[in-house]
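> what's the 3D shape of this:
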Amino acid sequence: MQTATTDQHPTHTGTETAYFSLRGMHTRACESFLETLATDIDGVHDAAASYSAETVRVTHDPERVDIDAIADGLSRWGYRASEPEPTATDADRSALAFDHLRTAFAVIVIAPVYMLYLVFFYPVYLGVYPEAYLDNHAIVVGLYGPVVLFTTIAVFGVGFPVFRSAYISLRERRLTLDALIALSALAAYTYSVLSLAFFDKSYLSFDVAMTIVVVATIANYVRSKYKQRSVADLTERLDRSEARATRLTDGGTETVSTDDCEAGDTLLVKPGEYVPLDGRVLDGRGAVDEALVTGEARPQRKVPGDGVVGGSVAVDGAFEVRVGNGATSLLDRLRALVWDLQATRTNAARLTSRIATGYVPLATALAVVTFAGWLLAGATLDTALLTGLSVLVVACPVALTLAGPLALGRGLAAAADRDVAVLDQTLLERITDVDVVAFDKTGTLTTGELRVTGVDALGDRDELLARAAAVESRSGHPVAAAIDERATPTGEIGEFERYRYGVSATVEGSRTAVGNPALFDEFGWDVPETVRARVAEIRAAGDLPTVVGWDGAATGVIALADAPRERWEDVVERLAADGRRVVCITGDDPQVAARFENSAIAEVFADVPPEEKEAIVQGLRGEGRVAMVGDGTNDAPALAAADIGVAMASGSDFTATAADALLTGDDLDAFVDCLAIARGTRRRLVENLTLALAVPVVGLALAVAGVVTPVVASALLAVGTLLVVANSRRSLSMEGS
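Predicted coordinates for the structure are as follows:
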């Protein structure tokens, strides 16, 4: 067991924060109950549980209580606490296998009871056999005993999670649908035992009690499978991103696992990359975003000698970082972000909770009133109990517990099939209301795979390329990768700096700059007219000019081309035709960006520096809900500022964590399809809720009138559940398109 972070807690000095995966959570009432269990442990200061993430976050004093003791304290009442892992582990698979085994066992246990009912009880209830048929001594001994035994095992063994959830919801004074399910099953079981002991055994509802428990168990299993799938893409991606670190060696650099890094190692962190481990800056200057670790919104300037923490992000500078003793891994800090995203509660979940708040007491009151009404009308106690029981069973909300999760799960699956990894499960509920769609250009409307198409040097062409590669080796911009393919960095590199229009570094003792001509004007360096003329030619062709120079003068220019992404025009036209305003935001100058001006794109924001993209998105929010689609480190703040952030999977890890969804393929059509899938998911949710409530509403009127027996009521329960499941399985891929 390991802690998720080892940072000092802001209100409790000397404490640490640990995360635990908790299996067995069935409703949100489990959250407050588990928080109480945790805080009752000596040495635990605070706890927060998440039903969506099946996780408990615990703030504790490591000197008073260790991790294993906390896990043992939480592993009670049928809950199972274990060390969390971002990706599927043997423990996760074992937990799912246990739930699968419970479901299979429920079906196995119910089978012999239903066989006995089919052979003996139902023929008597239907008048095929006389009631005296069940009074035979041999039948009494050989029939009632096994029925009671198997039913008791199913109801209180298999159904334990449901009864535990009901008890917790009552204890925490938070009514849940499980409370009504447990009450219905318990009422059917209790009535059957009383009938067997005191009444004439004319009707026993053991089959009804088992049906309620088994259907609820199957529903919980299906729901848990969908819930696990909903967060798999994000956790797997972040786990992969953590595993890498660039370590400096005598011969250059090497990519290694952070597990292989030791105190004293020197790591290279480029702009947009996470700092893999805690350490101290040896070389480099720039801003570091520590929001993930400290919550500080403004990037912090770092110079040699300053400390940096694992999980912070190099925003506009490259750094050489010496790993410190006892350094904390980025993985632990990423876990906090992952589980915060998992814990986000959907509107569908909130709607179901609100329905439960009114539905549970209303259904219970209706059953009590029905029982009392029949009793006052002169019915026998047995008949009144049977009628009240029918009302409870018809009202049993198993289908309602599935309506939201299955609709959302189907939407997530459809999105995944279209290469959209949904990282925030509320996305499908929010994205349908988007008014403005802002696209980044490089890497989004274009492929982002820059290639060198020409090199014009006033002097040594190879030296120009080598110096450019050396400076760009500290940069995370796509220009760096393109130049790196054509040349090998040369000389000792130091004092890397990032500016609005480019970057610079010391190469072999002289300052070398790479970027827009405006960077050289800012430095006051000489730019020959031949270089300016070539820059104009490259821009006129729609390509990107990158000027290179050292010792106070520009010495050449490199031309780079970036191909537009296939079908980008069709995508923006479909969005505009749907009534949405489409804009493009790019750092390129207006000439290069001009190719993306068409009737579907309402406005192109050109020559926008990275720090101003966020401000533009904030301004667009005045026009309505904004979705930002971007790629690269410079887009992360804009993605976070938008109401909905969508990142290309080819972008940086920092961009991914700022986004609500990832487009995992190369097709921008997936974004438009996601809008259609979201509309279909919303309709599917409405359909599921309608089906889940329609059957009880129709059945309740008949049950109150005494027309529906508990057997028919349990059949209606199963039919309603099957309708919701069948409706959820229908394809969503073409809905709303």
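
> who's in contact with the spatially closest residue to Phe121 that is not a sequence neighbour?
Closest residue to Phe121 apart from its sequence neighbours, by Cβ to Cβ, 6 or more residues apart in numbering: Leu204 at 6.7 Å. All C-beta atoms are positioned from the backbone trio N, CA, C, and that covers glycine. Counting by Cβ atoms under 8 Å, 6 or more residues apart in numbering, Leu204 makes contact with Phe121, Val147, Ser192, Ser195, Leu196.

> Then Lys613?
Contacts for Lys613 (Cβ under 8 Å, 6+ apart) come out as Asp440, Ile585, Asn634, Asp635, Pro637, Ala638.

> what do you get for Val437?
Contacts for Val437 (Cβ under 8 Å, 6+ apart) come out as Val572, Leu575, Arg580, Arg581, Val582, Val583, Val626, Ala627, Val629.

> Which ones among the contacts of Lys613 lie within helices?
Pro637, Ala638 (DSSP state H).

> Closest one to Val527 out of the contacts of Lys613, please.
Asn634 (24.9 Å; Cβ to Cβ).

> before we move on, what SS does the nearest residue to Val193 once chain neighbours are set aside have?
Excluding the flanking residues, the one nearest Val193 by Cβ to Cβ, 6+ apart is Val148, at 7.5 Å. Of the three states, Val148 takes helix according to DSSP: H, G, I helix; E, B strand; the rest coil.

> number of nearby residues for Val148?
Residues lying near Val148 (other Cβ atoms under 10 Å) number 17.

> need the contact list for it.
Val193, Leu196, Phe206.

> Correct me if wrong: the second one contacts Tyr144.
I take that to be Leu196. Yes - here Leu196 reaches Tyr144: they are 6.4 Å apart, a contact under Cβ atoms under 8 Å.

> which one of the two has more residues nearby?
Tyr144 (18 against 15).

> Show the pLDDT at that one.
If you check Tyr144, the pLDDT there is 82.

> what helix or strand does Val162 sit in?
helix 160-171 (DSSP states H and E).

> State the number of residues packed around Ala466.
Neighbours around Ala466, by other Cβ under 10 Å: 19.

> Neighbour-wise, give me the winner out of the contacts of Lys613.
Counting by other Cβ under 10 Å, top hit in those: Asp635 with 33 neighbours.

> Isn't that one up against Ala647?
Yes - counting by Cβ under 8 Å, Asp635 touches Ala647, with 7.3 Å between them.

> now the helices for the stretch 551-700 of the chain?
568-577, 590-593, 610-620, 636-641, 653-658, 669-704 (DSSP state H, counting those that start in this stretch).

> Over to the stretch 101-250 of the chain?
For the stretch 101-250 of the chain, the helices defined by DSSP H, counting those that start in this stretch occupy 122-125, 137-139, 145-152, 160-171, 177-197, 206-229, 232-242.

> next one: the longest one to chain centre, how far?
Here helix 206-229 shows a centroid-to-chain-centroid distance of 24 Å under the convention Cα atoms, centre = their mean, to the nearest Å.

> Counting by contacts, list what it packs against.
Identification of packing neighbours for helix 206-229 by 3 or more Cβ pairs under 8 Å, 6 or more residues apart in numbering; DSSP states H and E yields helix 90-116, helix 145-152, helix 160-171, helix 177-197, helix 381-395, helix 398-417, helix 710-729.

> can I get those helices in a markdown table with distance to Thr364?
As requested, these are exported to a markdown table (distance: least, Cβ to Cβ, whole Å):
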| stretch | distance to Thr364 |
| --- | --- |
| helix 90-116 | 25 |
| helix 145-152 | 23 |
| helix 160-171 | 12 |
| helix 177-197 | 7 |
| helix 381-395 | 8 |
| helix 398-417 | 15 |
| helix 710-729 | 15 |
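
> ok, of those, where does mean pLDDT dip lowest?
Mean pLDDT is lowest for helix 90-116 among these, at a mean of 68.

> tell me the pLDDT at Gln70?
Wrong residue type there; residue 70 is Ile, not Gln. Reported pLDDT for Ile70: 89.

> Export whatever helix or strand it lives in to CSV, keeping only CA atoms.
Assigned by DSSP H and E, Ile70 belongs to helix 67-74. Output of helix 67-74 as CSV, limited to C-alpha atoms (Å, rounded to 0.1, in the frame of the first residue of the first chain):
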residue,chain,number,x,y,z
ILE,A,67,-1.6,2.5,5.7
ASP,A,68,-2.4,-1.2,6.4
ALA,A,69,-4.2,-0.4,9.6
ILE,A,70,-6.4,2.1,7.7
ALA,A,71,-7.1,-0.5,5.0
ASP,A,72,-8.1,-3.0,7.7
GLY,A,73,-10.4,-0.4,9.4
LEU,A,74,-12.2,0.2,6.1
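
> so what does it touch, helix or strand wise?
Applying 3+ Cβ pairs under 8 Å, 6+ apart, one finds that helix 67-74 contacts strand 16-23, helix 29-39, strand 55-60, strand 80-82.
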